[in-house]
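Novice: Need coordinates for the following:
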Amino acid sequence: MSILEFNTQFNKLHKLLHAFAYNLTKNSEDAADLYQETALRALSNKDKFRPGTNFKAWSFTIMKNIFINNYRKKVKRNTIIDNTDNQFFINSGSTVENDAETNMLMKELHGMIDKLEDNLRTPFLKHCEGFKYQEIADELELPLGTVKSRIFFARKAIKEMIHFQYGDVDMFQTRLAS
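Specialist: A predicted model of the protein is given here:
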């Protein structure tokens, strides 16, 4: 295959290769870099392409292999070895989370739940533990509709307590999530 034929074949795949590169990298700049590296590698290895085989598959395989190799290099670069007796591999990109505020908010939430009347608190806690409505109804020997309404009223009471204390349920949820 001549250089002109090779370039024509490769240029026909331009859009497909760019789309595949973007699909792999999820970033337009990285996709452009991957496409460029693929073009360079394909051109420098054009003598290894066997005429009569699938040129598109050959080009996509080059791109996929470059992406995998770059990914492995990136992972290796972000991992350092700690030479202590324990021989841990530490990811240098990690951060230590401080859950103090979340723990405080959870204590406040549990305090609000404790303030509920027993007939609301018990079904609500069972539901939070993962029990189904029917299981709660059977255990507490209550009608199913009563269990559902008590859980509903417990949620409503907790929302009102949060609103009274924080002014906004969404702000409490945002603080709890952060």
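Novice: how is this structure carved up into domains?
Specialist: With domains defined by automatic domain parsing, the chain comprises 3-91, 100-177.
Novice: Same list as before, those that is, but in TSV and with mean pLDDT and mean neighbour count included.
Specialist: (Each C-beta comes from the backbone N, C-alpha and C, glycine too.) Shown next, in TSV, are those (pLDDT from 0 to 100; neighbours: other Cβ atoms under 10 Å):
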stretch	mean pLDDT	mean neighbour count
domain 3-91	84	13
domain 100-177	82	14
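Novice: so how far is D114 from F153?
Specialist: 16 Å (Cβ to Cβ, to the nearest Å).
Novice: what residue is smack in the middle of this structure?
Specialist: For the chain, K26 is the residue whose C-alpha lies nearest the centre (Cα atoms, centre = their mean; 13.9 Å).
Novice: K126 belongs to a strand, doesn't it?
Specialist: No - going by DSSP: H, G, I helix; E, B strand; the rest coil, the assignment for K126 is helix, not a strand.
Novice: That one: what's it in contact with?
Specialist: K126 makes contacts with 135-136, 139-140, as judged by Cβ atoms under 8 Å, 6 or more residues apart in numbering.
Novice: what about the strands in the protein?
Specialist: Under the criterion DSSP state E, the chain contains strands at 79-81, 89-91.
Novice: Excluding sequence neighbours, find me the nearest residue to A39.
Specialist: The spatial neighbour of A39 that comes closest, neighbours along the chain excluded (Cβ to Cβ, 6 or more residues apart in numbering), is F10 at 6.6 Å.
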